[in-house]
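# Turn this into a structure:
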Amino acid sequence: MATLRNKNILVTGGAGFIGSHLVDDLILEKPSKIIVVDNFFLGKRENLKNAAKTFKNLQVLKQDATDFQKMEKILQKEKINVIFNLATKALEHSFVDPDDAFMVNVNLVSVLLRLLHQKKYQTLIHCSSSEVYGTAKKVPITEEHPLDPETLYAAGKAAADLMVRSYYKTYKLDVAIARPFNTYGPRQNEGVYAAVIPITMKRLLSGLPPIIYGDGNQTRDFIYVKDTARGIIEVYKNEKSRGKEINIAAGYEIKIKDLIKIMAEDLKYTGKFLKKPVRLADVRRHKAGTKLAKDLLDFRPEYSFKEGVKKTIEWYKENL
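So this is what the prediction gives:
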């Protein structure tokens, strides 16, 4: 088993939703230092306030990780051992600027892989997305499921994954791909480009009716953010993960309309739901295959969906 103790770690996108929770959990691994690189497209310094209080060797750099020369300087100066790549731009950004949403994923990974190939650091754990699969052609969606992205964001993620896979096959670099499904929880962006849970939460707390797009029978495999962060770390720790893509998921699906009903009930909302046309490129069905994560990493989510939603609602009540 690989260890993060006394390692110098860099997290791209570490001020974001999943990234900041990952930083919290990385601190528990007792590294020497953690460097966060974030351009603050959606990330917030506020997300790292607790981490900064508990870990003195946390440094946050406002920097675009697609800049090869600047990233090279950071790696050399900080003597980085491990990079966790969580930097990206939101899926919904691809409806506003599709080329940027695609290319940022590709350019990020290209920079990190070139630096790894040049031995500027030792290990890359790349964070993918279940969106690379598109709508399920069969369930559960295992890692062997074809990549069939439906948005430019997802296409960029899929291209990045293929680049990681190819570098591994050609050069046997120390790389692995963690592929989280629909992660939710505290700190998830509730502003521009927000996902279904924070959008619904914000509306309900404001006294507005929640919105169901299409028939609401779209399904997602939701996983609480603390489980996602732990799964990503486990991908690093188990060196049998190298060269593989590993789903990080709960392994069950829930309909979007049922999700919204659960949230409405928890917040004692009894009004009507708004119905709107189906969203662009909305994936119809997601349910992950989790056998590889169980067998290889002994990974199982610790939080049930109801537990996670309850914690999420409590956080949004305090912070919105």
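# so where do the strands sit in this protein?
8-12, 33-38, 58-62, 82-85, 123-127, 175-180, 182-184, 211-213, 219-220, 222-224, 245-248, 254-255, 274-276 (DSSP state E).
# Using JSON lines, lay out those together with distance to Arg114.
Where C-beta positions appear, they are placed from N, C-alpha and C, glycine not excepted. Output for the strands of the chain, formatted as JSON lines (distance: least, C-beta to C-beta, whole Å):
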{"stretch": "strand 8-12", "distance to Arg114": "14"}
{"stretch": "strand 33-38", "distance to Arg114": "16"}
{"stretch": "strand 58-62", "distance to Arg114": "20"}
{"stretch": "strand 82-85", "distance to Arg114": "12"}
{"stretch": "strand 123-127", "distance to Arg114": "11"}
{"stretch": "strand 175-180", "distance to Arg114": "12"}
{"stretch": "strand 182-184", "distance to Arg114": "28"}
{"stretch": "strand 211-213", "distance to Arg114": "40"}
{"stretch": "strand 219-220", "distance to Arg114": "34"}
{"stretch": "strand 222-224", "distance to Arg114": "31"}
{"stretch": "strand 245-248", "distance to Arg114": "21"}
{"stretch": "strand 254-255", "distance to Arg114": "40"}
{"stretch": "strand 274-276", "distance to Arg114": "43"}
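# As TSV, those with mean pLDDT and mean neighbour count would be great.
Shown next, in TSV, are the strands of the chain (pLDDT from 0 to 100; neighbours: other C-beta atoms under 10 Å):
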stretch	mean pLDDT	mean neighbour count
strand 8-12	99	26
strand 33-38	98	25
strand 58-62	98	17
strand 82-85	99	26
strand 123-127	98	24
strand 175-180	98	25
strand 182-184	97	24
strand 211-213	97	18
strand 219-220	98	22
strand 222-224	98	25
strand 245-248	98	25
strand 254-255	97	17
strand 274-276	96	11
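# Gly289: which of those strands is closest?
Among the strands of the chain, the nearest to Gly289 by C-beta to C-beta is strand 245-248 (6.2 Å).
# From what I see, Gly231 and Phe299 are in contact.
Yes. Applying C-beta atoms under 8 Å as the test, Gly231 and Phe299 come out as touching, 5.2 Å apart.
# More neighbours: the two, which one.
Gly231 (25 against 22; other C-beta atoms under 10 Å).
# State the pLDDT value of that one.
For Gly231, the model assigns a pLDDT of 98.
# Distance check, it against Leu42.
21 Å (C-beta to C-beta, to the nearest Å).
# Give the residues shared as contacts by Gly231 and Phe299.
Common contacts of Gly231 and Phe299 (C-beta atoms under 8 Å, 6 or more residues apart in numbering): 248, 293.
# how many neighbours does the spatially closest residue to Phe68 that is not a sequence neighbour have?
Distances taken as C-beta to C-beta, 6 or more residues apart in numbering place Val111 nearest to Phe68, at 4.9 Å, with adjacent residues excluded. Neighbour count for Val111, taken as other C-beta under 10 Å: 21.
# Contact partners for Val111?
Here Val111 is in contact with 65-68, 71 (criterion: C-beta under 8 Å, 6+ apart).
# Just the buried ones from those residues, in ChimeraX syntax?
Buried residues among the contacts of Val111 (16 or more other C-beta atoms under 10 Å), as a ChimeraX selection:
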select :65,66,71
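# Spatially, which two of the contacts of Val111 are the most separated?
Ala65 and Phe68 (9.5 Å).
# Inside helices: which ones of the contacts of Val111?
68, 71 (DSSP state H).
# Take the contacts of Val111 and write them to a markdown table, including distance to Lys272 and pLDDT.
As requested, the contacts of Val111 are arranged in a markdown table below (distance: C-beta to C-beta, whole Å; pLDDT from 0 to 100):
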| residue | distance to Lys272 | pLDDT |
| --- | --- | --- |
| Ala65 | 44 | 98 |
| Thr66 | 45 | 98 |
| Asp67 | 49 | 98 |
| Phe68 | 52 | 98 |
| Met71 | 50 | 98 |
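# Any regions of the protein where pLDDT drops low?
Applying pLDDT under 70 to the chain flags no residue at all.
# Nearest to Asp295, out of the strands of the chain?
Here strand 245-248 is closest among those (C-beta to C-beta), at 10.2 Å.
# and that closest one, what does it pack onto?
strand 175-180, helix 225-237, helix 291-297 (3 or more C-beta pairs under 8 Å, 6 or more residues apart in numbering; DSSP states H and E).
# Who are the contact partners of Pro210?
200, 203-204, 260, 263-264, 269, 273-274.
# can you name the two of those that are farthest apart?
Met263 and Leu274 (14.2 Å).
# any idea which of the helices and strands packed on strand 245-248 is most buried?
strand 175-180 (a mean of 25; mean count of other C-beta atoms under 10 Å).
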